[in-house]
Each structure stands twice: as structure tokens, then as C-alpha cells.
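Trainee: quick one, what's the 3D model for this:
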Amino acid sequence: MNVCLIVIGNLCLNGSLSVTTVDDSMHTSVRVSAPEYSMSAMLATDNIRTPDWIRMSRACEGAACISYFKHCEQGKERASCVYHFSQPGDLQNTELTIVARDLDGLRTAEQTSGVMARSESSFTRIPLNRLTEESKSTTPPYCDRHKPATACMPAESGDPAAR
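Mentor: Coordinates of the predicted model:
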């Protein structure tokens, strides 16, 4: 599904959903409920951390690419994944958590949802099921606050904002 029923921040959502947003002076977040899963996302915050794009995984759709961190866990009564998405520039630091009763519910969320990635002057949807590299670590890679952000930027990138 390449269409977005709802776009919130840089998230592309589809399906039977209930959406609640919170926007205050410190952060912007969204909660999404669907029959098979629930999502919560931090779209913006005053606590801006620079991602370490060199150590993050990358997913692309055509020329549009996004750096990401993904950590999943599966238990007897639930399956969950935590994602951190980033592109140099304005699309830094989207944090998304998906919780489902089982792996099928989690896969449904990944098939029907995506992240919007910038390429030149347009945006392209990258489905969450394209984000296949899972980290064993629960901690996403962020730059040390005491080092310049340029130390964490890739040397060559298809993203003009990364140059």
C-alpha cells in the first residue's frame, strides 16, 4: 500500500485507526489504536539529541532514504518494536513504539504503516516492513553531546541535507 490515509509528522498511517495527538510546549506525540496493535510516537521534543547516522541502519525507497534503529521483543502475550527514525535536517528524532498481542499484529502494523523520507524536494513513503535490521541493543545510537554533530554524519549521502 503506497497511499497514506493519515500523515502525522513523518509517519504514514493506514487502516481502521483511532488517533490522539498531544502538542504542548515540550513535545508533540501521537497515540494510535487499531484492532491488531497500538502505536505511540514522539514526533518532536525540546530534548534534541543528534543521531549517530553512521551507526544507524538505512532503508531506501528509490532515492529517498531514512536512517533508523529498530529493537523488537516477543513474549507470550505481546510483541513489540521500538523505532528511532532520522534524516539530517528537520526529520530528526522520531521515536515510535508498536505493541501488538502477537507477531501477526506487529506485522500488520509494519505492512500498513510507514515513514516519510525526504529526497530532494519531495517525500516518499518507506513501509515499516522495509526496516528489517533489528538491533540486539535497547539503546539507539546517538552522538555524544560533547562532540560536534558532524562527527556522526555519513561522509557521502544521497540526502542533500547530509552534505
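
Trainee: next structured bit after the lengthiest strand in the chain?
Mentor: The longest strand of the chain (DSSP state E) is strand 64-74. Sequence order places strand 79-86 as the next helix or strand after strand 64-74, per DSSP states H and E.

Trainee: if we can go back for a sec, could you check the angle strand 79-86 makes with the longest strand of the chain?
Mentor: Put simply, strand 64-74 runs at 150 degrees to strand 79-86, going by axes from the mean of the first three to the mean of the last three C-alpha atoms, to 10 degrees.

Trainee: chain center to strand 64-74: distance?
Mentor: The chain centroid and the centroid of strand 64-74 are separated by 7 Å under C-alpha atoms, centre = their mean, to the nearest Å.

Trainee: now that strand: average pLDDT?
Mentor: In this model, strand 64-74 carries a mean pLDDT of 92.

Trainee: and that strand, which strands flank it?
Mentor: strand 57-61 (antiparallel), strand 79-86 (antiparallel) (DSSP bridges).

Trainee: of these, flag the one that's most buried.
Mentor: strand 79-86 (a mean of 22; mean count of other C-beta atoms under 10 Å). All C-beta spots, glycine's among them, are computed from the backbone N, C-alpha and C.

Trainee: give the bridge partners for the residue nearest the centre of the chain, please.
Mentor: Nearest to the mean C-alpha position of the chain, by C-alpha atoms, centre = their mean, lies residue 85 at 3.5 Å. For residue 85, the beta-bridge partners are residue 68, residue 94 (DSSP bridges).

Trainee: can you list contacts of the longest strand of the chain?
Mentor: Residues from elsewhere that reach strand 64-74, judged by C-beta atoms under 8 Å, 6 or more residues apart in numbering: 51, 53, 56-60, 79-87, 91, 103, 106, 115, 117-119, 122-124, 126, 131, 133-138, 140-141, 157-159.
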